[in-house]
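[1] Below are the sequence and a predicted model for it; my questions follow.
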Amino acid sequence: MHLDEAQRLLLINQYRILEALDPEQLHSYRRARVILEGGFAAHYTDLPVFESLLSLSQEECIEVQKILEMFEAIQEALARSEDEHLKTTSGLTFDGFAGNDERVQMLYTEFLKREGGWENVGHPVKAYHPHPSLPRYRRLLAVWNTFDAPAHLQDEQLQELAKVAWS
């Protein structure tokens, strides 16, 4: 992303004002101002102002919604299950999206949860986890979509999902 000098100066001044108005976010605003003052273009997308410029296509939004629906169904099935091993199986929980690689999906999930959906699904943020979650979620989703009644999973289906979670 490129910002010309005038754009940088406008943002620098806005961050100075925000530093004075919101002391709780002082560190974040100061960091943003220093990035802009230094012209550190590689870090421009880290700036809070650019979160509003990120976007997901309609297909990507639907994918995130399907992932959340899947994990909601998994959590409900695990709550009904009497198989204690399944309840502790790694890969059957929603671990959120990696903030470094899946930031747009993470922000969209936060938005959806704020809007009142998917309360039983885990936290949408994995901060700066070194491994993206989407590949695992997509493997699970591919299998989940083959089930006749994916919203009402049985133990056998949970076991099938667990097998592909880390493959």
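    Noted; the coordinates are in hand. Just so you know, these numbers come straight off a predicted model, no measurement behind them.

[2] I'd like to know which elements the longest helix seen in the chain is packed against.
    Selection of the longest helix in the chain by residue count, based on DSSP state H, yields helix 58-80. Applying 3 or more C-beta pairs under 8 Å, 6 or more residues apart in numbering; DSSP states H and E, we find helix 58-80 packed against helix 103-114, helix 134-144, helix 155-165. Every C-beta, even on glycine, is put in place using the N, C-alpha and C of the backbone.

[3] what separates the longest one from the chain centre, distance-wise?
    What it means is helix 103-114. Helix 103-114 sits 6 Å away from the centroid of its parent chain (C-alpha atoms, centre = their mean, to the nearest Å).

[4] Only alpha carbons, please: show the lowest-mean-pLDDT helix or strand in the chain as PDB.
    The helix or strand of the chain with the poorest confidence is helix 48-51; it has a mean of 70 (mean pLDDT, DSSP states H and E). Output in PDB follows, covering the C-alpha atoms of helix 48-51 (Å, rounded to 0.1, in the frame of the first residue of the first chain):
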ATOM      1  CA  PRO A  48      -6.200   0.500  12.900                       C
ATOM      2  CA  VAL A  49      -7.500   2.800  10.100                       C
ATOM      3  CA  PHE A  50      -6.900   0.100   7.500                       C
ATOM      4  CA  GLU A  51      -9.000  -2.500   9.200                       C
END
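
[5] Tell me the buried residues in stretch 116-123?
    Going by neighbour count (16 or more other C-beta atoms under 10 Å), the buried part of stretch 116-123 is W118, V121, G122.

[6] what do you get for stretch 72-90?
    E72, A73, I74, Q75, A77, L78, L86, T89.

[7] picking that back up, which residues are contacting the next helix or strand after the longest helix of the chain?
    Sequence-wise, the next helix or strand downstream of helix 58-80 (DSSP states H and E) is helix 84-87. For helix 84-87, contacts defined as C-beta atoms under 8 Å, 6 or more residues apart in numbering pick out L78, S81, L92, D155, L158, Q159, A162.

[8] Check these for burial and list the buried ones.
    Buried, going by 16+ other C-beta under 10 Å: L78, L92, L158, A162, out of these.

[9] Now the spatially most central residue of the chain. Nearest residue, chain neighbours left out?
    Nearest to the geometric centre of the chain sits M106, at 1.9 Å (C-alpha atoms, centre = their mean). In space, and not counting its chain neighbours, M106 is closest to F97: 3.9 Å by C-beta to C-beta, 6 or more residues apart in numbering.
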